[in-house]
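In: here's my sequence, what's the structure:
(4 chains, ligands or ions: 4)
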Protein chains: 4
Amino acid sequence: MPLPLVIDTDTAQDDCVAILVGLLDPEADLRAITMVAGNVGFDKQVKNAWMTLNVADRLDVPVHLGCRRPLVREWVSAENVHGDGGGGLAIDESGLAPQPEHGVDALIRLAAESPGELTIVCIGPLTNIAMAIIKDPGFVTNVKSLYIMGGSNNARGNITAAGEFNFYVDPDAAKTVFAAGFADIVVVPWAPLTLVDGVFSRDEIARIAAVGTPLARFVVRVCEATLAFDESVGIMGSTHPDSLTAAVLLHPELISASSRYAVDVEADSELTRGYSAMSWGVHGLEPNATVVEAVDRLAFLEYLIGLFGTATTPPRPFDPAL
Amino acid sequence: MPLPLVIDTDTAQDDCVAILVGLLDPEADLRAITMVAGNVGFDKQVKNAWMTLNVADRLDVPVHLGCRRPLVREWVSAENVHGDGGGGLAIDESGLAPQPEHGVDALIRLAAESPGELTIVCIGPLTNIAMAIIKDPGFVTNVKSLYIMGGSNNARGNITAAGEFNFYVDPDAAKTVFAAGFADIVVVPWAPLTLVDGVFSRDEIARIAAVGTPLARFVVRVCEATLAFDESVGIMGSTHPDSLTAAVLLHPELISASSRYAVDVEADSELTRGYSAMSWGVHGLEPNATVVEAVDRLAFLEYLIGLFGTATTPPRPFDPAL
Amino acid sequence: MPLPLVIDTDTAQDDCVAILVGLLDPEADLRAITMVAGNVGFDKQVKNAWMTLNVADRLDVPVHLGCRRPLVREWVSAENVHGDGGGGLAIDESGLAPQPEHGVDALIRLAAESPGELTIVCIGPLTNIAMAIIKDPGFVTNVKSLYIMGGSNNARGNITAAGEFNFYVDPDAAKTVFAAGFADIVVVPWAPLTLVDGVFSRDEIARIAAVGTPLARFVVRVCEATLAFDESVGIMGSTHPDSLTAAVLLHPELISASSRYAVDVEADSELTRGYSAMSWGVHGLEPNATVVEAVDRLAFLEYLIGLFGTATTPPRPFDPAL
Amino acid sequence: MPLPLVIDTDTAQDDCVAILVGLLDPEADLRAITMVAGNVGFDKQVKNAWMTLNVADRLDVPVHLGCRRPLVREWVSAENVHGDGGGGLAIDESGLAPQPEHGVDALIRLAAESPGELTIVCIGPLTNIAMAIIKDPGFVTNVKSLYIMGGSNNARGNITAAGEFNFYVDPDAAKTVFAAGFADIVVVPWAPLTLVDGVFSRDEIARIAAVGTPLARFVVRVCEATLAFDESVGIMGSTHPDSLTAAVLLHPELISASSRYAVDVEADSELTRGYSAMSWGVHGLEPNATVVEAVDRLAFLEYLIGLFGTATTPPRPFDPAL
Ligand SMILES: [Ca+2]
Ligand SMILES: [Ca+2]
Ligand SMILES: [Ca+2]
Ligand SMILES: [Ca+2]
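Out: Ligands and ions are numbered 1, 2, ... in the order given. Down below sits the predicted model:
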């Protein structure tokens, strides 16, 4: 039976790939997409989500708009990294509309409708998740699992030395989520995991391009802006933390190493804002999360290439054409 | 035309009096009560609200349950100050039920239904207000005014030297509210204002008792626990910051001094948690709030005594009897 | 027998008056002046100290240069308040030289030479005192008393809403001093004490001027810059926290109210940097300081006027002439 | 010409090895040892230093006692890691005495005596160095280089997930040092460098033991306690960050990789206390330190084994005998 899941996303670049995983993998029963302030302008993120649904011919999936700002702090963008996050593409959006229900309420409702069954793939700042925790005292126990892309496992950040973007943008939300008492949290960190096992080289991107489907062309397109940025900061390829998070949920056999950690997030100091303190078992702290430490990178790439081979007919043409 | 308002409250002791102001004053059009985690156990607060509506024979007023916890931090109670906050009274609650709509959503909806007209009297931690700000980007401009009981105007706190209870319990929410850009915020601080102009002596409480109505007996009863605590910490009377906040909204002529301040709240340090930095105009900061500096204490007392003279027939008997 | 004391000072304006108290009052045995970074440029502060010794004809008093910067943070000046802190006056300094011994070492040595006898009048940032604590484990017990001008007693700051200048400039030092375990600390806070009982009106300054001695003329001169600043921020007179600190040490009968407090200083957050949390006995904290709450303002004024009546012949002429 | 240097140390275990490097390597002109609060009780650290000088027959080297506590915070020990830090050994100390000059003053004087020539090997908390900076405005420019063992290079801490011991114990000092403007700072971090290239296995320790000299027996002895602790936390060998710091100073050819970083230290938050933010060039910050990224581990081991082969006759017998 496919796994019921929601993807909570600041859709830009690899968020699109993660959504495609949720849309295309038969193991997934993607019930909704909820949007959160993060990578690029909120409305642009929604456009990126529509385009992703369109390329997969799945415009039926409900899109809920969540929080347009972090809990306490002002929003910070990553547009220097992602550009518009959608590869400069556009579609005619006439007739497309998000659900009237707010993203936070959708998360609360979907969790309550199937207590202990819903997994949320969290690939943006954790604002919506924290809001659901604060608003509904039943949310934490209703959720089966959170799969979170964020933080670093005793390794480097990206937006600052200490801070990975998702946790940096809303450190208060991240701190709230890790303290909330969820039964199962799985973390896909930026470093070292993503930087080692979540990077695809230009040659590998070329392999994706060679698949030749609209899906593959779309993916290559949206990854291009980030690829250029990555190379400018010494990362030799495009980074895929969000799609990796979705992939390890649906295919845990991709995980070659993981451990239990006590995770907390810095929300008081500017220098270390968003830093994820991940204690590995020697400091006497109770573990609250499983952190993925290694995955089979080539198997992950093959898995994506397989998915992108799916033949789809996007109902709305892309401009420029794919 | 009466003023449309909502009272957002952690109902205990003077919160009850503030709700009575909203119920009894003909200047007020109290559209809802929203509950927030604060003084005492959340469910006990709801009982205190029901009892307050009952004594005024206004069980028709909608009660919405809001957040049962602060944004980021764990809830801290003030039960050492307030006891149960309801004077040890109880009523039969059969058939009473809060609205199905969450308090945060009620605030958002009521503000949106009358853009620029709704005033919110905020007499508990600011969690619900912050949640509404974060959830709905239109909330801030839809609200006419916030009347906030909280903080100190360059004077002492209560739960700590630096921190007044409402801001201390949820400093992140308070910080968020003052930074949100509301057109009109009026603050009734704990000190010096409440400690000077919001205290009623035992003799004055006796005057209230002498009014002899169910309302007056109820008020005296719920103030007793706090009175004993106040005296133990050197305050010679019961404190009425919450009812004062409602009163100055409906009767601004009670205000004898107020000024514009730039208000910010400490949310990063434990020593000064919840401290309200109120800059009075010499530090080059843009004012974002009006702080009430002095009121006519006796006129405030007479005003309340007048209200408590209203004859009501509580539909449900109190146990013990009033 | 006169009281052995050292004055640790960031000499500008009222620091000069405080030094004069130490020089002129027969109750005082002023053994040294130690200089610390604070009000104005360090070298200007030393000039102000020389001028003060000169006007009292006491150039024999040893002057030790202490720390030119706070412990951790960068120095912040109060030159907008004090101008040069010396009333635009100058003297020929040829032949004048500070002691070769560093101020911190002088404090350590003088305390060690008379264990349990030395009082330090601390009227600048507490950097030198903290350094002595950190450097010499015997310093804390060797000192008899610290008389500290700094912080606010649950009242306003000056450089920010939360922060009084001395503690703001070096909050780490202030925190260190209050946690060090001194047997006797007496605090003269900025507010409310200084703002109520440490302000002299223009009429009262005129009374000082009328004394007609070089001392009186010097004092009026150095107070002028601050007087203008004070009036610009709503304080109707010149402020005398530093001389009040020296005065209450030598004449405790000036104190009309004081209490024991648990004092701690904020050194982690920028918003509340330097805030002095003064808990008045209801929060279960162990008191570590006596805070002066009220003094006899007129007696303080008369005391100073009496001192300024001392006839002195400054050995070096002032430019411009007094 | 040998390099003039001072070792600033909290002598326990590998600090002893680092001192031996300074004593035995002909490239080094070790002018003094300064002691700082860190690993174990201060007086025990001094005993460990005497024993180290004794085993090398160099009791002529001046030992100066520095600060027995951090700048602002209370001292935290690492005795759970190091035991007494001296392998349970003792010598008769009659007639041994530290210099009368304080360690901070020794650092200031030695730097001032040879401006631009003195290197300080800092292998404990940075309290003494910060004190010298704060006390003497000329210190920073007088020093040629600081070689600092501390922090982590975007990798794990030890005493907490975020914090390496030396920076954790006195984060205020560490922050002060990196902000002070030294012309040359070289950092040997705990992770990944020490954990990869500064660990010697039990077999390698056996190779050291096989050298058979008093020096080698002493080294093996003092490393034993740490070795057991290391294995208990998953490090398969004894750790040598302090001796590595001295070694790379005298033999930069051991360094196989290093880069310029902008280093700052967290001193405001408890969760991330002592965290070293090391920005690697993409965040627009000005570099202030060179961080060693890799060394030739086997060459480092051979180097030490060579030094330990030096024949010495310790003037005082060890108890128990080596
Ligand atoms: Ca994302
Ligand atoms: Ca309340
Ligand atoms: Ca001063
Ligand atoms: Ca060490």
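In: element containing A:V21?
Out: A:V21 belongs to helix A:14-24 when assigned by DSSP states H and E.
In: next SSE after that helix?
Out: According to DSSP H and E, the helix or strand after helix A:14-24 is strand A:28-35.
In: so what's the gap between that following strand and the chain middle?
Out: Offset of strand A:28-35 from its chain centre (CA atoms, centre = their mean, to the nearest Å): 12 Å.
In: what residues does the stretch 151-300 of chain A put near ligand 1?
Out: Selection of the stretch 151-300 of chain A residues close to ligand 1 by CB under 5 Å from the ion yields A:D242. C-betas here are computed from N, CA, C, even on glycine.
In: which stretches in the stretch 151-300 of chain A count as strands?
Out: For the stretch 151-300 of chain A, strands defined by DSSP state E, counting those that start in this stretch occupy the ranges A:185-188, A:199-200, A:238-239, A:255-265, A:276-279, A:289-295.
In: what about A:T239, distance to A:L126?
Out: Look at A:T239 and A:L126: by CB to CB, to the nearest Å, they are 19 Å apart.
In: which of those two has more neighbours?
Out: A:L126 (31 against 23; other CB atoms under 10 Å in any protein chain shown).
In: apart from its neighbours in sequence, what residue is nearest whichever residue of chain A sits closest to ligand 2?
Out: Of all residues in chain A, A:I134 sits closest to ligand 2, at 19.1 Å by CB to the ion. Nearest residue to A:I134, sequence neighbours excluded (CB to CB, 6 or more residues apart in numbering or on different chains): B:C67, at 5.5 Å.
In: which of the helices or strands spans that neighbour?
Out: Using DSSP H and E, no helix or strand contains B:C67.
In: how much space separates it from B:V121?
Out: 17 Å.
In: for the stretch 51-200 of chain A, which segments count as helices?
Out: A:79-82, A:103-113, A:127-135, A:139-142, A:165-169, A:171-178, A:195-197 (DSSP state H, counting those that start in this stretch).
In: can you redo those as CSV with mean pLDDT and mean neighbour count?
Out: Output for the helices of the stretch 51-200 of chain A, formatted as CSV (pLDDT from 0 to 100; neighbours: other CB atoms under 10 Å in any protein chain shown):
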stretch, mean pLDDT, mean neighbour count
helix A:79-82, 84, 18
helix A:103-113, 98, 22
helix A:127-135, 98, 29
helix A:139-142, 98, 18
helix A:165-169, 98, 30
helix A:171-178, 98, 28
helix A:195-197, 97, 19
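In: quick one: those as TSV, columns for distance to ligand 3 too.
Out: Listed next are the helices of the stretch 51-200 of chain A as TSV, based on distance: least, CB to the ion, whole Å:
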stretch	distance to ligand 3
helix A:79-82	47
helix A:103-113	53
helix A:127-135	46
helix A:139-142	54
helix A:165-169	41
helix A:171-178	39
helix A:195-197	53
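In: got the contact list for the residue of chain A closest to ligand 2?
Out: A:176, B:67, B:69-71, B:127, B:131 (CB atoms under 8 Å, 6 or more residues apart in numbering or on different chains).
In: between those, which is closest to ligand 1?
Out: For the contacts of A:I134, the nearest to ligand 1 is A:T176 (18.6 Å; CB to the ion).
In: doesn't A:I133 make contact with that closest one?
Out: Yes - counting by CB atoms under 8 Å, A:T176 does reach A:I133; the two are 6.1 Å apart.
In: still on that earlier bit, quick one: the residue of chain A closest to ligand 2 and B:W75, what's the gap?
Out: 11 Å.
In: what does A:C122 give?
Out: 25 Å.
In: more neighbours, these two?
Out: The residue with more neighbours, out of A:C122 and B:W75, is A:C122; 29 against 16, by other CB under 10 Å.
In: surely that one and A:L5 touch.
Out: No - the pair A:C122 / A:L5 is not scored as a contact, 10.8 Å apart, by CB under 8 Å.
In: who touches A:A228 in this structure?
Out: A:A228 neighbours (CB under 8 Å, 6+ apart): none.
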